[in-house]
Structures are given as C-alpha cells and as structure tokens.
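**Q** Fold the following for me, if possible:
(one chain, ligands or ions: 1)
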Amino acid sequence: MKCIICHGDNIQMTMIQETLKIENDLVYVPISIPVCRNCGERYYDRKTMRFLEQLYQTLRKEKQMNLQEIGKILLYSCDNVQSELNQIRSHL
Ligand SMILES: [Zn+2]
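**A** Numbering: from 1, shown residues only. Predicted structure coming up:
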C-alpha cells in the first residue's frame, strides 16, 4: 500500500490519539491505525470510522462514560487581546 499523499511506502500500524470534540471538551481516544511514517497521513477504514462516530454519539449523551480527566482546556480571555495583537502588528 502506497501513501496517496506523498506516494511513500512506509505505512505502518501506529498507536494514535484520535481527538473527539464534545462541545468544549476534547476526548483523546487511543486507537491503532495505519499511518504514513513519511508524511503522517492517517488511514481510517470504514469500521474504524463507524466506531469513532458511534463513540462520539454516545459520549455526547453520557459525558462521564469511561473518561478520565488528564488536563484542561483554557481560553485566554483578556479584554485587550486584540489591542495587544494590533500593537505587535503595527511594529512589523
Ligand atoms: Zn505519506
């Protein structure tokens, strides 16, 4: 099997952390799928896609199911973020 992106032939089963976004939460799902070791393209078969879709639907309904908190998602909220950015831009 050759990579459709880079045409390399180094595609190997690799443990990845698929990310599901449930509202403002991110859920990492460790699964093993073929990944191109050259460019990083991931190859999902139909059953894997279906599994992830069903898991997504389930997690949307039952948020606590089999989930372990390993970090936080933080929003940088400051009234003058935009003016900070504008100031940096004006010095370019
Ligand atoms: Zn590739």
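**Q** Tell me the secondary structure at the residue positioned nearest the centre of the chain.
**A** For the chain, the residue sitting closest to the mean C-alpha position, by CA atoms, centre = their mean, is residue 19 at 3.4 Å. Classification of residue 19 by DSSP: H, G, I helix; E, B strand; the rest coil places it in strand.
**Q** quick one, what contacts it?
**A** By CB atoms under 8 Å, 6 or more residues apart in numbering, the contact set of residue 19 is 26-29. To be clear about C-beta, it is placed using only N, CA and C from the backbone, and glycine gets the same treatment.
**Q** 6 Å instead?
**A** Contacts for residue 19 (CB atoms under 6 Å, 6 or more residues apart in numbering) come out as 26, 28.
**Q** Specify the beta-bridge partners of it.
**A** Residue 19 forms beta bridges with residue 28, as assigned by DSSP bridges.
**Q** From residue 89, how far out is it?
**A** 31 Å (CB to CB, to the nearest Å).
**Q** Show me what counts as buried in the longest helix seen in the chain.
**A** In the chain, ranked by residue count with DSSP state H as the criterion, the top helix is helix 46-61. With burial defined by 16 or more other CB atoms under 10 Å, the residues of helix 46-61 counted as buried are 48, 55, 59.
**Q** Relative to residue 87, how far out is the second one?
**A** Pointing back at residue 55 there. 44 Å.
**Q** same thing with the first one?
**A** Residue 48 sits 46 Å away from residue 87, taking CB to CB as the criterion.
**Q** same thing with the last one?
**A** Between residue 59 and residue 87 the distance is 41 Å, computed by CB to CB.
**Q** What of residue 30?
**A** Taking CB to CB, one finds residue 30 at 42 Å from residue 87.
**Q** follow-up on the earlier one: can I get the longest helix of the chain in PDB? Just the C-alpha atoms.
**A** Extracted in PDB, the C-alpha atoms of helix 46-61 (Å, rounded to 0.1, in the frame of the first residue of the first chain):
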ATOM      1  CA  ARG A  46     -14.800   2.000   7.400                       C
ATOM      2  CA  LYS A  47     -15.200   0.100  10.700                       C
ATOM      3  CA  THR A  48     -12.900   2.500  12.500                       C
ATOM      4  CA  MET A  49     -14.800   5.500  11.200                       C
ATOM      5  CA  ARG A  50     -18.100   3.900  12.300                       C
ATOM      6  CA  PHE A  51     -16.600   3.000  15.800                       C
ATOM      7  CA  LEU A  52     -15.500   6.700  16.200                       C
ATOM      8  CA  GLU A  53     -18.800   8.100  15.100                       C
ATOM      9  CA  GLN A  54     -20.800   5.800  17.500                       C
ATOM     10  CA  LEU A  55     -18.400   6.700  20.300                       C
ATOM     11  CA  TYR A  56     -18.900  10.300  19.600                       C
ATOM     12  CA  GLN A  57     -22.700  10.000  19.700                       C
ATOM     13  CA  THR A  58     -22.500   8.000  22.900                       C
ATOM     14  CA  LEU A  59     -20.200  10.500  24.600                       C
ATOM     15  CA  ARG A  60     -22.400  13.400  23.600                       C
ATOM     16  CA  LYS A  61     -25.200  11.700  25.600                       C
END
